[in-house]
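**Q** From the sequence below, what's the structure:
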Amino acid sequence: MKKFKSFIGLFLMSIMVFALSGCGAKSDKEIIINAIEKSNSINTCAYKAKIDIKADGIKKDTPSAAMDKVNIEFDGKSIKEKDEQSKFQGNLKLNASGMNVAMKMMGEASVKNDKANFQIFMQIPEIIKSQAAPMFENIDYVYVSSDTLEKFENQLKAMGQAPAESGINPLSINGLDKQKELLKSLKDYINKNGDKIIENKGKQEVEINNNKENIEIYDVKIDNAEIKKILQDIMVSEDKSSDSKELDKSIDEILKAIGEEGLKVTIGIKDGYIVYEKINMNSTAEDVKVQCSIILNIFDINKKIEINIPKKEDVKSIDLMELMGMLLGAGIQ
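**A** Down below sits the predicted model:
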């Protein structure tokens with residue numbers, strides 16, 4: 001479903017902006033820019049995200065009918081260590097028209113000599129294990145790493161099966177340079193348009209980690225030109241030869257879903273950090289009306305957090321290469 005993919009793109013964008021977002025008589029613009037910079041220096045935190053998508057007008061006898069109501073919840077914790085290393089651990093819950101899927105994820109990444117290295121363990125949901133037995137007998141996780149993913153994509157290309165968007169690697173981690181580019185883009189946009197795009201809503205009650213808190217709330221309007229810049233920063237891969245026309249086409253689909261007025265992002269600031277973000281969006285396309293709500297919050301900032309990533313050999317896992325070989329019937333080793 002193209003529109004659902006567009007909202008996933010929007011979700012990735014909002015998470016990236018939130019992750020990068022990090023008093024005296026300062027202007028609203030200065031307060032938000034300072035919060036972005038301070039939030040960008042966070043070393044440890046916990047976070048929660050919730051997405052609600054509702055689509056009206058989808059024909060009941062089509063495969064897309066199962067996506068007329070989607071709820072996604074994600075909670076986790078993150079550590080940014082020295083030498084450009086980071087770790088994360090999280091839980092994902094998906095409900096689509098009564099079908100429930102739950103899974104755990106954990107991983108670590110590092111950047112050395114401009115090369116990103118990562119390993120991620122993704123738990124196989126019980127609903128999939130029960131339906132695909134005995135394929136996943138004695139297997140709990142799918143293992144993905146930068147090395148195996150690169151090898152897999154190269155073998156797909158050699159077989160002539162590489163997808164048109166294979167150059168855009170959604171798991172690619174471009175390190176601090178990528179973060180600095182996004183942060184600079186957001187700061188420049190607010191600096192240039194601050195008086196016009198920011199509305200101070202005063203102190204309001206919001207929910208952070210299941211607790212009600214009164215924090216300073218601001219509405220920030222982001223136009224489509226800036227959204228396109230942010231999406232390009234997120235979606236462009238390290239492979240500079242990727243098809244720019246395909247990338248622009250994907251971004252244009254997301255912008256159509258957002259609408260001509262762009263986005264209004266509600267942010268909440270506490271102790272100088274951005275701890276709350278909310279996006280509401282309504283759009284209509286092909287007689288289908290879609291309502292989307294995204295809420296993100298962050299807490300336990302710079303508190304002691306431990307994340308233990310196991311060694312591959314200590315986990316009942318299957319490598320992505322082996323799994324895709326099984327699914328494609330290609331016997332990839």
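**Q** Mind telling me what element the closest residue to residue 219 other than its chain neighbours is part of?
**A** Distances taken as CB to CB, 6 or more residues apart in numbering put residue 199 closest to residue 219, at 4.3 Å, once the chain neighbours are dropped. (Each C-beta comes from the backbone N, C-alpha and C, glycine too.) Per DSSP states H and E, residue 199 falls inside strand 198-208.
**Q** C-alpha coordinates for that strand, CSV please?
**A** C-alpha atoms of strand 198-208 as CSV (Å, rounded to 0.1, in the frame of the first residue of the first chain):
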residue,chain,number,x,y,z
ILE,A,198,6.9,29.1,15.9
GLU,A,199,3.9,29.5,18.2
ASN,A,200,4.5,29.5,21.9
LYS,A,201,1.6,27.5,23.5
GLY,A,202,2.7,28.0,27.1
LYS,A,203,2.8,25.3,29.7
GLN,A,204,0.6,22.3,29.0
GLU,A,205,0.0,18.9,30.4
VAL,A,206,1.4,16.0,28.4
GLU,A,207,2.1,12.3,29.1
ILE,A,208,5.7,11.3,29.3
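**Q** Next secondary structure element downstream of it?
**A** strand 211-222.
**Q** From residue 287, how far off is residue 89?
**A** 42 Å (CB to CB, to the nearest Å).
**Q** all helices of the protein, in order?
**A** Assigned by DSSP state H, the chain shows helices spanning 2-20, 28-39, 126-131, 146-158, 175-197, 224-235, 244-258, 320-328.
**Q** Can you tell me which of those has the worst average pLDDT?
**A** Ranked by mean pLDDT, the helices of the chain bottom out at helix 2-20, which scores a mean of 48.
**Q** Let me see the contact set for residue 315.
**A** 121, 140, 141, 143 (CB atoms under 8 Å, 6 or more residues apart in numbering).
**Q** mind redoing it with 10 Å?
**A** Taking CB atoms under 10 Å, 6 or more residues apart in numbering as the criterion, residue 315 is in contact with 106, 121, 123, 139, 140, 141, 143, 309.
**Q** my guess is residue 99 meets residue 131, correct?
**A** No. Using CB atoms under 10 Å as the test, residue 99 is too far from residue 131 to be in contact (11.3 Å).
**Q** Tell me, how many residues neighbour residue 327?
**A** Neighbour count of residue 327, defined by other CB atoms under 10 Å: 11.
**Q** okay but it is in contact with residue 135, surely?
**A** Yes. Using CB under 10 Å, residue 327 makes contact with residue 135 at a distance of 8.8 Å.
**Q** which one of the contacts of residue 315 sits closest to residue 231?
**A** residue 106 (27.1 Å; CB to CB).
**Q** State whether the closest one and residue 123 are indeed in contact, as I suppose.
**A** Yes. Counting by CB under 10 Å, residue 106 does reach residue 123; the two are 8.8 Å apart.
**Q** Can you get me a residue count around residue 320?
**A** A count of nearby residues for residue 320, using other CB under 10 Å, gives 19.
**Q** Contact partners for it?
**A** Residue 320 touches 120, 122, 142, 143, 144, 145, 148, 149, 151, 152, 171, counting by CB under 10 Å, 6+ apart.
**Q** which one is the second one nearest to, not counting chain neighbours?
**A** It stands for residue 122. Nearest non-adjacent residue to residue 122 (CB to CB, 6+ apart): residue 142, at 4.7 Å.
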